[in-house]
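Chemist: give me a model of this one.
(2 chains)
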Amino acid sequence: MSNVIQLQDVHKTYHTGEVDVHAVRGVSLEVSQGEFVALMGASGSGKSTMMNIIGCLDRPTQGRYSLDGIDVSQLDRDELADIRNQKIGFVFQGFNLLARTSALENVELPMLYSRQRLAGSSQRERALKALDAVGLADRADHKPNQLSGGQQQRVAIARALSNQPSLLLADEPTGNLDTRTSADIMGVFQKLNDQGITIVMVTHELDVAQYTKRMVVMRDGIVVSDTPVANRLIAENELRRLQQEQKAVQLAY
Amino acid sequence: MRYFVIIKVAFRALRRNKMRTILTMLGIIIGVGAVIAMVGIGNGAKAQVKARIAALGQNVIQVFSGSINQRGVFTGFGGAGTLTVEDAQAMEREVPGVVAVSPEVRTSQQIMFGNINWLTSVMGESIDYLAIRQWDLADGVMFSEADTRSAAKVCILGKTVADNLFPDDDPIGKTIRIRNVPTKVLGVLKPKGASMFGSDQDDVIIVPYTTGMKRFAGVTMLRSINVQAATADQINEVQNGIADLLRQRHRIQAGRDDDFILRNQQEITETQTAAMDTMTALLAGVAIISLIVGGIGIMNIMLVSVTERTREIGIRMAVGARGRDILLQFLIEAVALSSTGGMLGIALGIAGARLLTLIKEWPTLISADSIIIAFAFSAAVGIFFGFYPARKASQLDPIDALRYE
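Modeler: Numbering: from 1, shown residues only, chains lettered A, B, ... in the order given. Next up, the predicted model:
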């Protein structure tokens, strides 16, 4: 299987004032197509820096990074923007939807910046399809403030999918959500992964990482462990379990 | 990114903060409004001056008897008394390009009809005078060549004189007394209004120049000669021809000063419009300063907007917006702000100019040029003052922008 992500001895050093901060000191990592990886680590472990590099928001100071077969470590700002547009779909912790803009328009946003232009109608069609994939086709005209947290994150996932990227990159996607909604969102990710979409998710929560297939743990700028997930949680089952628990609580009172 | 979408997004962003948008626009509205109104006033005044100068007649050259040096003493303007009827006749005969000539004498006289009397200026002219000045009769006829030859006691009344002397009657055919000389009224002129120096051009009586010289002024010399050139292009040529002719006839040696003065309309027009242009430029200058102040207001608010929307910029960049896309978005927003302000300002300026015409009776003239220039200038202000904030937005780092709270 081809590698979506191929990192070779990647370093990232920040020059802040007098001292150099070595955020990432030699990470090599390969992620194949169809994988579902959790990138874990405590704060300061370098996982955010890694995620910025993987997301083409930042360039490594040293090392090589190929995304979908393209060496992106030497690209300039504009070229990186195009790569992000074409190859990567972002899902953030804070949803990061445009306020006072309908769900549909939010999902259309990446298409507006595409180099190859789509007609307005096919753009809309694709956005609706993406919304349908996350189960929100009926909320297309809603503004973010009319949607719940879980729904907002679904819109964000739909936006990430709209340009049919090679990689879905999620940064603490459940950080602002309760347990039930978290399971719900992880269910969406699992469903998308089952359809063959490669997902890398940055998180510090072990129970969320349990939904993925592979766990990469970082500490002090290096990868300390890289293991398949043993007891993988299935979102559907978890949701059922949570429902039963709630019922049990209700019965107890 | 499609321009249509950018423009839509820009107007949506402006609608979001209505109060702020309106206040920011106000600077541009006032600036553009001031430019339009000020230039309108300037142009109006210029057009009025031009109209008054045109009222002097068409392609007219005036020849005045000038100052001469008599044993070291200069006589004043018109003091020389050097122009003769023969000079006038010679001009018509000998200078090419001359189509009409009217020798002129002027005197101030008390006139009477019945028990009404009136002090007015009596002008002796030739029969071509009305044609030279493009002045039509409202009623009656002009005096004839025969009247001129015989120094007939006939006259033409200006509107003001006719109104004062004959409040109820028809003046044609009546006999009035000028300096106690009974004179028959042949015609009444159409009103011409105030001259550019403010005097009433209709407060006048016109008689044949022969009558004026012999019977009223008692002079043998002319005050001036009105000459009409065939075309505007020939004015200079004709003027030079007249000068040569007069110097020759008056036997003025080379190197000596002329004993006459030549004036033409072009000169008067140029002096007057130059003054008006200076005024217009001054007014427009003040207005443009206010437009620039308005532009600074736009820059200020765009900087605030960029800071407020840092996160939005981060999101757009994360999904693939290039720096150029962001630059364009904010630039178009600034231009939308300033050009909308510009359009409202144009409306305000036109309304203001109309109001000034209505209330203060100032003539104003709004030209299409000034509207186009004002609009283009307001858009340019948007680009100029919007560029720095837009560039700042486009250079944000997407990581920092996304993390911005």
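Chemist: now do the SS call for the residue most central in space within chain A.
Modeler: Taking CA atoms, centre = their mean as the criterion, residue A:170 is the residue nearest the geometric centre of chain A, at 1.7 Å. State at residue A:170, reduced to three classes by DSSP: H, G, I helix; E, B strand; the rest coil: strand.
Chemist: for residue A:69, what are its contacts?
Modeler: Contacts for residue A:69 (CB atoms under 8 Å, 6 or more residues apart in numbering or on different chains) come out as A:2, A:3. Heads up, the C-betas are built off the backbone N, CA and C, glycines and all.
Chemist: where does residue B:357 fall, secondary structure wise?
Modeler: helix B:323-359 (DSSP states H and E).
Chemist: run through the residues of the stretch 51-200 of chain A sitting next to chain B.
Modeler: Residues of the stretch 51-200 of chain A lying close to chain B (CB under 8 Å from any CB of the partner chain) are A:52, A:55, A:57-58, A:77-78, A:81-82, A:84-86, A:90, A:92, A:96-98, A:100, A:109-110, A:112-114, A:117, A:159, A:163.
Chemist: and the residue of the stretch 301-405 of chain B found nearest chain A, helix, strand or coil?
Modeler: The stretch 301-405 of chain B approaches chain A most closely through residue B:320 (2.3 Å), counting by CB to the nearest CB. Here residue B:320 is recorded as coil under three-state DSSP.
Chemist: got the confidence number for it?
Modeler: Residue B:320 carries a pLDDT score of 91 in this model.
Chemist: do I have it right that it meets residue A:85?
Modeler: Yes: Residue B:320 is within contact range of residue A:85, at 2.3 Å (criterion: CB atoms under 8 Å).
Chemist: looking at the two, which one has more neighbours?
Modeler: residue B:320 (27 against 24; other CB atoms under 10 Å in any protein chain shown).
Chemist: quick check: chain neighbours aside, which residue is closest to residue B:144?
Modeler: With sequence-adjacent residues excluded and distances taken as CB to CB, 6 or more residues apart in numbering or on different chains, residue B:144 is closest to residue B:127, at 6.8 Å.
Chemist: can you check residue B:387 too?
Modeler: Per CB to CB, 6+ apart, closest to residue B:387 is residue B:331, 6.5 Å.
Chemist: and the one you found, how many neighbours?
Modeler: 22.
Chemist: report the contact partners of the residue in chain A positioned nearest to chain B.
Modeler: Ranked by CB to the nearest CB, the top residue of chain A for proximity to chain B is residue A:85, at 2.3 Å. The contact partners of residue A:85, by CB under 8 Å, 6+ apart, come to A:110, A:113, A:114, A:115, A:163, B:319, B:320.
Chemist: where in chain B is pLDDT low?
Modeler: Residue ranges of chain B with pLDDT under 70: B:1-2, B:67-80, B:196-197.
Chemist: can I assume residue A:113 is in contact with residue B:321?
Modeler: Yes: using CB under 8 Å, residue A:113 makes contact with residue B:321 at a distance of 4.8 Å.
Chemist: low-confidence stretches in chain A?
Modeler: In chain A (pLDDT under 70), the answer is A:1.
Chemist: run through the strands of it in chain order.
Modeler: A:3-16, A:19-32, A:36-40, A:62-67, A:70-71, A:88-91, A:167-171, A:198-203, A:214-219, A:222-228 (DSSP state E).
Chemist: between those strands, which gets nearest to residue B:191?
Modeler: strand A:88-91 (80.8 Å; CB to CB).
Chemist: next, the buried residues of that closest one.
Modeler: A:88, A:89, A:90, A:91 (16 or more other CB atoms under 10 Å in any protein chain shown).
Chemist: what does stretch B:226-241 give?
Modeler: Buried, per 16+ other CB under 10 Å, within stretch B:226-241: B:226, B:227, B:228, B:229, B:234, B:235, B:238, B:239, B:241.
Chemist: for those residues, which one is nearest residue A:181?
Modeler: residue B:235 (90.9 Å).
Chemist: Validate this expectation: that closest one resides in a helix.
Modeler: Yes: assessed by three-state DSSP, residue B:235 belongs to a helix.
Chemist: may I have the phi/psi pair for residue A:163?
Modeler: The phi and psi values for residue A:163, taken as degrees, to the nearest 10, are phi -100, psi 20.
Chemist: list the contacts of the residue lying closest to it once chain neighbours are set aside.
Modeler: Spatially, and ignoring its direct neighbours in sequence, residue A:163 is nearest to residue A:110 (4.6 Å; CB to CB, 6+ apart). By CB under 8 Å, 6+ apart, the contact list for residue A:110 reads A:85, A:89, A:159, A:162, A:163, B:319, B:320.
Chemist: can you list those residues in TSV and add distance to residue A:23?
Modeler: As requested, the contacts of residue A:110 are exported to TSV (distance: CB to CB, whole Å):
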residue	distance to residue A:23
A:85	25
A:89	24
A:159	28
A:162	31
A:163	29
B:319	24
B:320	25
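Chemist: contact residues of chain B facing chain A?
Modeler: So chain B meets chain A at B:1-2, B:5, B:12, B:16, B:311-312, B:314-325, B:398-399, B:402 (CB under 8 Å from any CB).
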